[in-house]
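Student: Requesting a structural model of the entry that follows:
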Amino acid sequence: MLRGYRGVLAAIAGLILCCGASPQPDSKHSGEQQYRQGEPAKGVSAATNQLATASISTESPPVIEKSVLTDPCEKGQDRRESDLCAQWKAADAAARAALWAMIGTFVAALGTIGLFWQIHLTRKAVEDTGEATKAMREANEIARKAQRPWVSIAVKPTVLESRGAAFQFEAEVSLTNKGSMVAKNINIGWELVWAAFMPFTEIQVRLAKFADRRTVGRKILIPGDTEVFRYWKGTAKSELPFDKPGEWKEGHIGAVFLISVHYQSDGTGDEWHHTDQAYLVCYRSNGEIHSGISKSLRSIKADNLFLEPITAGALGQ
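Tutor: Have a look, this model is predicted:
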């Protein structure tokens, strides 16, 4: 009977041994076996172990931390590691730069406007200064002229008649000092010119020649004084250009009286002053005014004689 039990006990013991003992792993799967058991295998790196452990872990899904680059950017916080914060800060900086650029442009525009205004004011000041200088010069000239003599000329014709083979012309020339200083060294140049046509340029040339007669004279005129001089001249009819065509009526010529007065003053030193006048001799006949004289002219009374001042243009027009 014991022999029978021994066999049963031996069978149970063998079964226990079979179930309790763990089989020896072969070398081919030793690394995978050890990795599954949570132990590092020989010849496998730590990084590989970690990756394998994370991939086959059955406990819970791994928690992957959010990158700080994708974190939200909350107002009032300065998170330099956040990409959104960096973008917002770049946008804010660009907005501020644009604002300052606008402000700078506005300030520059104001500066440009101010510069142009300053240029305008400077130019206006220069113009005002120029006008003031001009006005001062004019005032000085007026003051200077006020301190010098002014000799005026007045001519009254008295005779224009035919005397045999000649024409005789006579006139009274009055010189008046209307200035504030004495006129001294008075010289008179005068001439009666008979011409068929005489342009104004010729008058100017003839008046300019009188300046050569400036000499030290005895005659003086005090301010307000008038001196009367008599002029007369006889001209042979044969010397007059009756047959020369001109601006006057055919068969007529004109008589032009030229006078130039030169004088000095103690207030202006050696400076010479002069007054020039040119007149066309005219007369009234039968209610008409004539400026041309014919060969048949006999006599014109003084009451019908007058002188027309010549200022410009051609004579006889």
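Student: Show the model's pLDDT score for the residue most central in space within the chain.
Tutor: For the chain, the residue whose C-alpha lies nearest the mean C-alpha position (CA atoms, centre = their mean) is Arg123; its distance is 8.0 Å. Here the pLDDT value assigned to Arg123 is 85.
Student: Surely it forms part of a helix?
Tutor: Yes: remark: Arg123 belongs to a helix, assigned using DSSP: H, G, I helix; E, B strand; the rest coil.
Student: for Leu240, what are its contacts?
Tutor: The contact partners of Leu240, by CB atoms under 8 Å, 6 or more residues apart in numbering, come to 167, 194, 253. Where you see a C-beta, it was placed from the backbone N, CA and C, and this is true even at glycine.
Student: Which strands border the host helix or strand of Glu191, and is each parallel or antiparallel?
Tutor: When elements are defined using DSSP states H and E, Glu191 is found to belong to strand 184-195. Neighbouring strands of strand 184-195 in its sheet, by DSSP bridges, are strand 252-264 (antiparallel).
Student: Show the average pLDDT along the partner strand.
Tutor: The average pLDDT within strand 252-264 is 92.
Student: Could I get the CA-only coordinates of the helix or strand following that strand as PDB?
Tutor: Later in the chain than strand 252-264, the nearest helix or strand by DSSP H and E is strand 273-285. In PDB, the C-alpha atoms belonging to strand 273-285 read as follows (Å, rounded to 0.1, in the frame of the first residue of the first chain):
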ATOM      1  CA  HIS A 273      22.800 171.700 -62.400                       C
ATOM      2  CA  HIS A 274      20.800 172.400 -65.600                       C
ATOM      3  CA  THR A 275      17.300 173.100 -66.800                       C
ATOM      4  CA  ASP A 276      16.400 172.400 -70.500                       C
ATOM      5  CA  GLN A 277      13.400 173.400 -72.500                       C
ATOM      6  CA  ALA A 278      12.300 173.100 -76.200                       C
ATOM      7  CA  TYR A 279       9.500 175.000 -77.800                       C
ATOM      8  CA  LEU A 280       7.700 175.000 -81.100                       C
ATOM      9  CA  VAL A 281       6.900 178.600 -82.300                       C
ATOM     10  CA  CYS A 282       3.200 178.800 -83.100                       C
ATOM     11  CA  TYR A 283       0.700 181.500 -83.900                       C
ATOM     12  CA  ARG A 284      -3.000 182.100 -84.400                       C
ATOM     13  CA  SER A 285      -4.400 183.300 -87.600                       C
END
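Student: quick one: the strand holding Glu191 to chain centroid distance?
Tutor: Centroid displacement of strand 184-195 relative to its chain, using CA atoms, centre = their mean, to the nearest Å, is 50 Å.
Student: can you check stretch 198-215 too?
Tutor: Its chain's average C-alpha position is 44 Å from that of stretch 198-215, according to CA atoms, centre = their mean.
Student: tally of neighbours for Ala171?
Tutor: Counted by other CB atoms under 10 Å, the residues lying close to Ala171 total 24.
Student: do the same with the one 3 residues further on
Tutor: Burial of Ser174, expressed as a neighbour count using other CB under 10 Å, amounts to 13.
Student: Tell me the secondary structure at it.
Tutor: Under three-state DSSP, Ser174 comes out as strand.
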